[in-house]
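Chemist: My questions concern the predicted model and sequence given below.
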Amino acid sequence: MEVTRIPILQIENYLVASIQMALHDEAATQFRDDLLERIYATKAKGLILDLTAVDVVDSFLARLTGDIAEMAGLMGTAVVITGLQPEVAITLVELGVELKGVITALNLEKGIAALRRMVGKESANGITG
Amino acid sequence: MASPAEERCIPVKTDLDIVSARVEGRNLARELGFGTIDQARIATAISELTRNVVLYAPEGKVTVRAVVSDDARRGIEVVCEDNGPGIVDVELVMQDGYSTSSGLGMGLPGTKRLMDEFEIVTKVGAGTKITVRKWLK
């Protein structure tokens, strides 16, 4: 079956991907692979994963989100998750899911600001090229 | 107020069915008058329960229905049944952090926290039936 791809946009040195549909597991895994390939191809310094339109984050999607942040981190790319809805934050905590090491921001604008701070700090420290 | 469709049954075999099941559950929850936070709790619980079916059982089904309690409260009931291997040690899988595969191992205790009532009937070699309910406040 053809998997619907989630558009991944580039703004300056950053990639922005917004999940706008209910993802089944295969599509979610495909999305992770697409993101990592795009990071490699574009040499993006940062990635925003926007979940504003996502109304359910179960343990599978939560783990995948954490995996994306960790994998992108291994490639030297900062990741910020934006737009978690109140009900998603509540269910994640009640479910017992911890998004360890994942940096979040309220919305896209604050997410970009957070990325700029992270990337700027790293550049100042000479961590990134 | 028009009463919502009383019962919906969704077969569960692949990860596509997980999405269908939680959409049905959320729709019924909304029709019953649950707020957005409870809708998310119910949809997430259905997602966790049906994922276990997809991971561990050949197939199963989930039934969502409107229910009324003994003290006349209205609510939603989700019954998730499968013909899988059953659970050997229920106490163990109800512990936070327990995992038998690539899952997070927090499916069942987490699901229990999201809902008001949680019942599990399981028989090794025959299958598992989990019933959860949430009541309107």
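Modeler: Perfect, thanks for sending it.

Chemist: For chain B, give me the ranges with low pLDDT.
Modeler: B:1-5, B:97-106 (pLDDT under 70).

Chemist: Any idea how many residues pack against the residue nearest to residue B:124 when sequence neighbours are not counted?
Modeler: Closest residue to residue B:124 apart from its sequence neighbours, by Cβ to Cβ, 6 or more residues apart in numbering or on different chains: residue B:86 at 4.1 Å. C-beta here means a position set from N, CA and C on the backbone, and glycine is covered the same way. Other residues within reach of residue B:86, judged by other Cβ atoms under 10 Å in any protein chain shown, total 17.

Chemist: before we move on, what about residue A:10?
Modeler: Neighbour tally, residue A:10, other Cβ under 10 Å: 11.

Chemist: likewise residue A:100?
Modeler: Residue A:100: 8 surrounding residues under other Cβ under 10 Å.

Chemist: so how far is whichever helix or strand residue A:34 is part of from its chain's centroid?
Modeler: Using DSSP states H and E, residue A:34 maps to helix A:25-42. Distance, stretch centre to chain centre, for helix A:25-42: 11 Å (Cα atoms, centre = their mean, to the nearest Å).

Chemist: Give the other helices and strands that that helix contacts.
Modeler: strand A:8-11, strand A:14-18, strand A:46-50, helix A:59-74, helix B:15-32 (3 or more Cβ pairs under 8 Å, 6 or more residues apart in numbering or on different chains; DSSP states H and E).

Chemist: Next one: the closest residue to residue B:57 other than its chain neighbours relative to residue B:107, how far apart?
Modeler: Leaving aside its chain neighbours, residue B:57 sits nearest to residue B:84 (2.7 Å; criterion: Cβ to Cβ, 6+ apart). Using Cβ to Cβ, to the nearest Å, residue B:84 is found at 14 Å from residue B:107.
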